[in-house]
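**Q** next input, structure requested:
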Amino acid sequence: MVWNRTTHLWNDHEKVIHQRTNTVPFDLVPEDADAGGLAVRVMKPLEATELDLETVYEKFHPTVQSFTNALGHLLTGERPKGVQETEEMLRIGAAVTGVGELVLDNKTIKLQPPKAGMQYYLSKLDFDSLVQRQESQVRVWKILCLLCGVATCVTLFFILRRQYKLYKEKQRLKRLQQEFEDARARLGDDEAEEARNTCIICLTNQKSSVFLECGHVCSCYECYQALPSPKKCPVCRNAIARVVPLYNS
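**A** This next block holds a predicted model:
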């Protein structure tokens, strides 16, 4: 027989303030005891995964509102609603299905928790119902694992696809840069020199004006005259005080 008595403190949340458990050795016998059969001594029933106990006593004690209690509630910030006592028991004659490790000790068959780390069951369900429930739980876990696997594969696919696109874009930029470098290398010295001496505004005439006081040589005289007033250097944006003609010999 197993007897469990628990006292809860009721507040906005529930808290166990006292719990006492008593166990008495008991045996599992066949439903038809007169037909014969061996009794099985149940060991360590509190370690069972499913130990269905029947509530035999339950009582709620409201908190007595006194000055001392009110002061304590004010200091602690909690206002308990009361204390509830609950007693649960595995009654004599209850139908119990046990799944565990059977050992023989001095002509006594004992049911105890398995040593290999497997589950130990004491349930009011029959064996077939207990097996069906475990199988249903296994199916649920399999479905969850499958969904997690699919989600992982989809996420990995999108990550790899994005990385592949970034790689292709880098290759394209690298190819364009190489083509630009090759085209630049094919330009002759005369063409490069002519490109350096071309007016940066019209890109047609030769540079022929020196802007003072900044000293930049960047445009022809026609483009200088077309600059809006007050005239500023197109390179540094400083004011142009005067212009000196540039002559190439």
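
**Q** might one say that residue 23 is in contact with residue 47?
**A** No. Contact between residue 23 and residue 47 fails when scored by C-beta atoms under 8 Å: they sit 10.7 Å apart. No exception for glycine: its C-beta is placed from N, CA and C like everyone else's.

**Q** who has more neighbours, the two?
**A** The neighbour comparison of residue 23 against residue 47 (other C-beta atoms under 10 Å) goes to residue 23, with 15 against 12.

**Q** which helix or strand in this structure has the lowest average pLDDT?
**A** Every helix and strand of the chain was ranked by mean pLDDT, DSSP states H and E. The lowest is strand 2-10, at a mean of 58.

**Q** which intervals of the protein have sub-threshold pLDDT?
**A** Scanning the chain for pLDDT under 70 picks out the ranges 1-18, 32-37, 69-70, 72-74, 76-79, 184, 186-195, 248-249.

**Q** would you map the strands across it?
**A** Counting by DSSP state E, the chain has these strands, from start to end: 2-10, 14-23, 26-28, 40-42, 54-62, 82-89, 97-99, 101-105, 108-112, 121-123, 209-212, 242-245.

**Q** single out the most deeply packed of the ones you listed.
**A** The highest mean neighbour count among the strands of the chain, using mean count of other C-beta atoms under 10 Å, belongs to strand 121-123: a mean of 21.

**Q** helices or strands next to that one in the packing?
**A** Judged by 3 or more C-beta pairs under 8 Å, 6 or more residues apart in numbering; DSSP states H and E, the packing partners of strand 121-123 are strand 97-99.

**Q** need the residues that contact the strand it packs on.
**A** Residues from elsewhere that reach strand 97-99 (C-beta atoms under 8 Å, 6 or more residues apart in numbering): 28, 40, 42, 48, 111, 119-127, 130.

**Q** that strand pairs with which strands, parallel or anti?
**A** Each strand that pairs with strand 97-99, with its direction, by DSSP bridges: strand 121-123 (antiparallel).

**Q** circling back: which one of the contacts of strand 97-99 is nearest to residue 200?
**A** residue 119 (83.3 Å; C-beta to C-beta).

**Q** next, count neighbours for that closest one.
**A** By other C-beta under 10 Å, the residues close to residue 119 number 12.

**Q** so the residue nearest to residue 119 when sequence neighbours are not counted versus residue 19, what's the distance?
**A** Excluding its sequence neighbours, the residue lying closest to residue 119 (C-beta to C-beta, 6 or more residues apart in numbering) is residue 49, at 5.0 Å. Taken as C-beta to C-beta, to the nearest Å, the spacing of residue 49 relative to residue 19 amounts to 19 Å.

**Q** need the contact list for the nearest residue in space to residue 38 that is not next to it in sequence.
**A** Among residues not flanking residue 38 along the chain, residue 109 sits closest, at 5.8 Å (C-beta to C-beta, 6+ apart). The contact partners of residue 109, by C-beta under 8 Å, 6+ apart, come to 38, 39, 40, 41, 102, 103.

**Q** and the longest helix for this structure?
**A** Criterion DSSP state H: the longest helix present in the chain is helix 127-186.
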